[in-house]
Every structure is written in C-alpha cells, then in structure tokens.
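J.: Give me a model of this one.
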Amino acid sequence: MKHNLAQDLEQCALPSALEAMGERWSFLILRGALSGIRHFEEFQSTLGIARNILANRLARLVENGIMLRQPMQCDRRKVEYRLTEKGEDLAPAMIALRQWGEKWGCGPISCQVLADGRDRQPIRKMTIQAHDGRTLELSDLVWLCVDEETPVADARSPETVKAA
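T.: Alright, predicted model coming up:
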C-alpha cells in the first residue's frame, strides 16, 4: 500500500504539539519551569511578561497537561506550577532549540552552559540517534509506515515497521 506524503504530513504530531505549547511566551515559561521556577510572581518578574498574558499561557499549559497547578503544601492559599511528566519530556526539544540558537547566532551569547550535575561537565550537543546510539545525519533518516494494528509503544521494534 503506497502512502500519500500530504496525507502523512496531515497525520504528523508536530502541528498538535506546537498548538499545545502555544507561542514564544509558553516556551519561555517552560524554560523557567525547567529551571525550577514554580510561582506566578517568579515567572512574571523573571520573564517581564504582562500578568494577563502569563495567566493565559499558564492556563493553557495546565489545560494541555504540560504543567500542574496546585496549592502549596505549606500555605494552601498560594499556588505553585509544576511540570508534569509530559512537560518534563519537552526538555530535550528545548535544549535542542537552545543549542540551535547558539550555533546560528540567534540572540546574545550566554555565559551559562548547561552541564551534567554530577560531573559538572557541559552536556553534549543534542543529536538524532539510532537505536544503537549512532549519531545520524538527516540523509540517514527514512520514514517508515507502522502497521495500524501495532501499538505505538511497539513501533520502535524493527519487526513491526515496513518501509514507506
């Protein structure tokens, strides 16, 4: 069965993922949350974002399951925002975007370097890796059609895919 590229692109998860994140402010809020910011006022003062925009973006991130809004344990009148597992899974994409921006001169050069907390060494450049850890180039990639009866979690198994 031959696949139509336009149909395959329509079924791509990227547009939905971008819709869930929103726009620039959502990414900056996520960056703050990945850095440990938890409170509305901290986001507002760190990012310099208008309160109404921040409230809107936080609500959208909560609605999309990326962040969780919950009362603080020590003072139930105060609220904190925490990343969900879904939100934490965005870290590699965020790091890759930052590294891309640094490589191509998008913005000021930062004196801060993301490092491994244990060894205090800078992390490696984010790459596309094969199942065995080899770094792949764009020319090494091919789209495969996963059998419709195969659960997504099993789609990584070479036996369950066929060349598109």
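
J.: for the record, mean pLDDT for stretch 135-152?
T.: Computed over stretch 135-152, the mean pLDDT rounds to 81.

J.: Buried residues, that stretch. List them.
T.: Residues of stretch 135-152 classed as buried: residue 146 (neighbour count, 16 or more other CB atoms under 10 Å). For every residue, glycine as well, the C-beta is placed using N, CA and C.

J.: Stretch 19-38 too?
T.: Residues 20-22, 25-33, 37-38 are the ones in stretch 19-38 that count as buried (16+ other CB under 10 Å).

J.: What segments of this protein are helices?
T.: 5-10, 14-21, 24-34, 40-47, 51-63, 85-88, 91-103 (DSSP state H).

J.: Now do the same contact list for residue 125.
T.: Residue 125 is in contact with residue 99, counting by CB atoms under 8 Å, 6 or more residues apart in numbering.

J.: Would you mind measuring from it to residue 135?
T.: 9 Å (CB to CB, to the nearest Å).

J.: out of everything not next to it in sequence, what's closest to residue 69?
T.: Excluding the flanking residues, the one nearest residue 69 by CB to CB, 6 or more residues apart in numbering is residue 62, at 4.9 Å.

J.: Residue 14 versus the one you found, what's the distance?
T.: Using CB to CB, we find residue 62 at a distance of 22 Å from residue 14.

J.: repeat for residue 91
T.: Using CB to CB, residue 91 is found at 18 Å from residue 14.
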